[in-house]
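J.: A structural model of the following input is requested.
(chains A and B)
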Amino acid sequence: MANLTQTDTHADSLLRFMTCGSVDDGKSTLIGRLLFDTKTILADTLNQIEKTSKKRGMEAVDLSLLTDGLQAEREQGITIDVAYRYFSTGTRKYIIADSPGHEQYTRNMVTAASTANLAIILIDARRGVLTQTRRHSYLAKLVGIPHLVVAVNKMDLVDHDRATFDRICAEYRAFADEIGLGDVRFIPMSALNGDNIVDRGEAMPWYSGATLLEILEAAPAAHTEQAEAFRFPVQFVCRPQASDDPELHDYRGFMGRVESGEVKVGDRVTALPSGQASVVKRIELGAVSLPQAIHEQSVSILLEDEIDVSRGDMLVPSDAQPVVTKAIEGMVCWFSETPLSPARTYLVRHTTRTSKAKVDGIDYKVDVNTLAREPATGLAMNDIARIRLRLAQPLAVDPYTENRATGAFIVIDESTNNTVGAGMIVSAGGGA
Amino acid sequence: MSTPTLQTPVRQTLSHLDWLEAEAIHILREVAGQCERPVLLFSGGKDSICLLRLAEKAFRPARFPFPLMHIDTGHNYREVVDFRDKRAAELGERLIVRSVEDSMARGTVVLKSPDEPRNKHQSVTLLESIAEFEFDCCIGGARRDEEKARAKERIMSFRDEFGQWDPKNQRPELWNLYNARAHKGENIRAFPISNWTEMDVWQYIEREGLELPSIYFAHQRDVVMRGGAMMPVNVPLADGSVINVPRAGETVENRLVRFRTVGDITCTAPVESDADTVGKIVIETATTTITERGATRLDDQTSEASMEQRKKEGYF
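T.: Here you go, the predicted structure:
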């Protein structure tokens, strides 16, 4: 990669990706390698891990130490939680969600996947496609990560053998087709030696495809290439009435983030769930008026008419509205040690709206290892199931596969306030 | 094996700074929407200076839906304290200052020695101030790239009634659905610039033309070398007294330095630098070989887990 010079300190786009795999697959080494070879690791950090490597009796610097976080993790030699890491090339800034392989794998992986636009799935070349690989791939699919990179690691331990790599690719490809994974790419690599990560290396001249960093640099930053409808959940209403400026007496700015699509001044919008329509009068960011706002931009929207809009409501195009419903069906991942009980009332957070909810039924539970469906009456930690929920308040929903923002929800236990589940809406429930 | 979708981004996307800004504004507005009595911790340092600009973008033309608060160790640079007061006044926002020295007077902070670094004692004063004002959320400028314990912290981080962070039992945080719910007495710490790096902060300061306390820029300063680090000496405090008197046998040198981070005078070291503009600092940040805290925070170097330990005790 090019050296950083004073002219390329301004990365111009941002990609969020995640890594799936266990310590044994060399995941920490891979991340360490990415950080090291992009020169993200500074001298004092390197000195520190050199010292630790020596203390633990290792000869070479153990790059996996770069991702060690908490005291308990260092003590037990495990990774407990999702960690976020950052690096930057001349053209792009990256956020890595580093999800541990074993502990709480479903909970952590789903958490990491929820903000990732690309996943790297690590496979140990000596072991090939394992149950764990299938599980990771299924979860990536479930949470809707659009791009997958299968990193066949430890090629140095199989003599950089091309046939081994091809066999693993073929096996994975068959599985990917079975569960309907779209964009998958394969790379033979050695994280230990740095082959095909940032630098190509000389060990595998038979591989002419892209290195990992080349793939990351070229991957689309947007979550989807599909045109999505405008969705604007209102977070807060700005009413600066106490201001001395008489111009501001009637100011009502609806503050939020464009969760999908885009909006322009003059667009006809409807506020949900009330159904009242108006026209976009102004779009503001700070003191600046904008002609339009795009996906992921945080702005304030002012409307031509005085209609009643508050936190939890959503502005949408009048001609492309989501379904407003008090019943949803979806896939849910359960995170809590306290099992999901259909007898209890939970809180559902969907965009900026919170509603009480009751479980109407559990259709089935998915065995993430075999993908088999099983009947269930309750859900334990790390279970994934298709459930039906009844809501006290109407939500404006899209299927998760069409819109990540309006298709996602979390479940909160009112007694502890803990986030106990995450869900992806498949459809509005019956009787909506 | 290659697929065309990976090569042809067709949708318009935000630049990385715009994306980080939009995310931070979203988080600030979630705090405003979900919490009843939030407060923004403003120290006059570069990270919280960015927070104030983000709050302006999030809430103007209205007032901020929260006051600003500084937990003053009493060992802060005069330039920073002056800047803090000036900035709050310019914005017309309410600034609350609570001092570690008040806690010392109350007897809730007991120093082992008078010149002991007071950073960790801020936790006590912070928790006392949270109780005094019944704040349910403190917005802070911490970043995940600063330190390894921070790398695992949530954007909305839950603290129990003793202000403790339990790293092994954090709430899962998915998509941008933040859960800032807390019972009375419990507390949320919200970190809108979690995903920013030191470089992002400087680029944002450059782009937005933000003003900073003068000690971030290269200046001449009396220092001694102590325990391998540069130590500023004979620093005047706001009350006219002088702190960090050189010890016997130490040689005072006048060097061209700047601070990469500002904090308690007794444990924040400057770096040698001739960067006297934000542009030069951006370039210096891109080419430095030492991490921000490694270069400057003596209190993080006492043990491998010292930040984690302080956070468990209520530090932000």
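J.: Please work out how many residues are found near residue 173.
T.: Because you didn't say which chain, this covers chain A. 16 (other C-beta atoms under 10 Å in any protein chain shown). From N, CA and C alone the C-beta is placed, and that goes for glycine too.
J.: Let me rephrase: I mean chain B.
T.: Neighbours around B:E173, by other C-beta under 10 Å: 21.
J.: I'd like the distance between it and A:N418.
T.: 12 Å (C-beta to C-beta, to the nearest Å).
J.: list the residues that contact both of these two?
T.: Common neighbours of B:E173 and A:N418, using C-beta atoms under 8 Å, 6 or more residues apart in numbering or on different chains, are B:N179.
J.: and the helix ranked longest in chain A, average pLDDT?
T.: Longest helix in chain A, counting residues (DSSP state H): helix A:162-179. Mean per-residue pLDDT for helix A:162-179: 94.
J.: mind listing what's buried in that helix?
T.: A:T164, A:F165, A:I168, A:C169, A:Y172, A:R173, A:F175, A:A176 (16 or more other C-beta atoms under 10 Å in any protein chain shown).
J.: and which of these is nearest chain B?
T.: A:C169 (7.8 Å; C-beta to the nearest C-beta).
J.: Nearest spatial neighbour of the closest one, chain-adjacent residues omitted?
T.: A:F186 (4.7 Å; C-beta to C-beta, 6 or more residues apart in numbering or on different chains).
J.: Any stretches of the stretch 201-350 of chain A with poor pLDDT?
T.: By pLDDT under 70, the low-scoring segments of the stretch 201-350 of chain A are A:241-243.
J.: Contact residues of it facing chain B?
T.: A:209-210, A:215, A:218-222, A:224-225, A:235-236, A:238-240, A:242-243, A:245, A:248, A:251, A:253, A:255-257, A:262, A:285-287, A:294-298, A:311, A:335, A:349-350 (C-beta under 8 Å from any C-beta of the partner chain).
J.: Give me the subset of those residues that lies in helices.
T.: A:I215, A:A218.
J.: Which entries within the residues of the stretch 201-350 of chain A next to chain B meet the buried criterion?
T.: Judged by 16+ other C-beta under 10 Å, buried ones among those: A:210, A:215, A:219-222, A:224, A:235-236, A:238, A:240, A:248, A:251, A:253, A:255-257, A:262, A:285-286, A:294-298, A:311, A:335, A:349-350.
J.: In chain B, what residue spans correspond to helices?
T.: Counting by DSSP H, the helices of chain B are B:16-34, B:46-59, B:78-91, B:100-106, B:122-133, B:198-208, B:278-287, B:292-296, B:306-312.
J.: Check whether the first one comes near chain A.
T.: Yes - Helix B:16-34 reaches chain A (C-beta under 8 Å from any C-beta) through B:16, B:18-23, B:25-26, B:29-30, B:32-33.
J.: Residue for residue, what is the longest strand chain B has?
T.: Longest strand of chain B, by residue count under DSSP state E: strand B:219-226.
J.: That one pairs with which strands, parallel or anti?
T.: strand B:229-232 (antiparallel), strand B:253-258 (antiparallel) (DSSP bridges).
J.: Which of those strands has the highest mean neighbour count?
T.: Of all the strands paired with strand B:219-226, strand B:229-232 has the most neighbours on average by mean count of other C-beta atoms under 10 Å in any protein chain shown, namely a mean of 20.
J.: low-confidence ranges in chain B?
T.: In chain B (pLDDT under 70), the answer is B:1-11, B:289, B:291-316.
J.: mind giving me the domain split of it?
T.: Per automatic domain parsing, the structural domains of chain B span B:15-199+B:307-312, B:213-300.
J.: Ranking those domains by mean neighbour count, which comes first?
T.: It is domain B:15-199+B:307-312: most buried of those by mean count of other C-beta under 10 Å, with a mean of 20.
J.: From the chain's centroid, how far away is that one?
T.: 8 Å (C-alpha atoms, centre = their mean, to the nearest Å).
J.: likewise stretch A:418-432?
T.: On C-alpha atoms, centre = their mean, the centre of stretch A:418-432 falls 18 Å from that of its chain.
J.: one step back: with the residues of helix B:16-34 next to chain A in mind, which one is nearest to B:L210?
T.: The closest of those to B:L210 turns out to be B:E21 (C-beta to C-beta; 12.5 Å).
J.: What separation do you get for that closest one and A:L315?
T.: In terms of C-beta to C-beta, B:E21 sits 21 Å off from A:L315.
J.: What segments of the stretch 1-150 of chain A are helices?
T.: A:27-37, A:43-55, A:71-76, A:105-113, A:131-142 (DSSP state H, counting those that start in this stretch).
J.: Quick one: mean pLDDT for the first one?
T.: Summarised as a single mean, pLDDT over helix A:27-37 is 84.
J.: Show me what that helix is packed up against.
T.: On a contact count with 3 or more C-beta pairs under 8 Å, 6 or more residues apart in numbering or on different chains; DSSP states H and E, helix A:27-37 meets strand A:13-20, strand A:83-88, strand A:92-98, strand A:118-124, helix A:212-218.
J.: quick one: it to strand A:13-20, angle?
T.: 150 degrees (axes from the mean of the first three to the mean of the last three C-alpha atoms, to 10 degrees).
J.: tell me how far helix A:27-37 is from the chain's mean position?
T.: The answer for helix A:27-37 is 20 Å, by C-alpha atoms, centre = their mean.
J.: tell me the angle of that helix relative to strand A:118-124?
T.: Helix A:27-37 and strand A:118-124 are oriented at 120 degrees to each other (the same axes, to 10 degrees).
J.: CA atoms of helix A:27-37 as CSV?
T.: In CSV, the C-alpha atoms belonging to helix A:27-37 read as follows (Å, rounded to 0.1, in the frame of the first residue of the first chain):
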residue,chain,number,x,y,z
LYS,A,27,-8.9,-13.9,13.4
SER,A,28,-7.0,-11.7,15.8
THR,A,29,-3.9,-12.2,13.8
LEU,A,30,-5.7,-11.2,10.7
ILE,A,31,-7.0,-8.0,12.3
GLY,A,32,-3.5,-7.3,13.8
ARG,A,33,-2.1,-7.8,10.4
LEU,A,34,-4.5,-5.3,8.8
LEU,A,35,-3.7,-2.7,11.4
PHE,A,36,0.0,-3.4,11.2
ASP,A,37,0.4,-3.4,7.5
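J.: Tabulate the helices of the stretch 1-150 of chain A (JSON lines), appending mean neighbour count.
T.: Shown next, in JSON lines, are the helices of the stretch 1-150 of chain A (neighbours: other C-beta atoms under 10 Å in any protein chain shown):
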{"stretch": "helix A:27-37", "mean neighbour count": "24"}
{"stretch": "helix A:43-55", "mean neighbour count": "15"}
{"stretch": "helix A:71-76", "mean neighbour count": "14"}
{"stretch": "helix A:105-113", "mean neighbour count": "25"}
{"stretch": "helix A:131-142", "mean neighbour count": "21"}
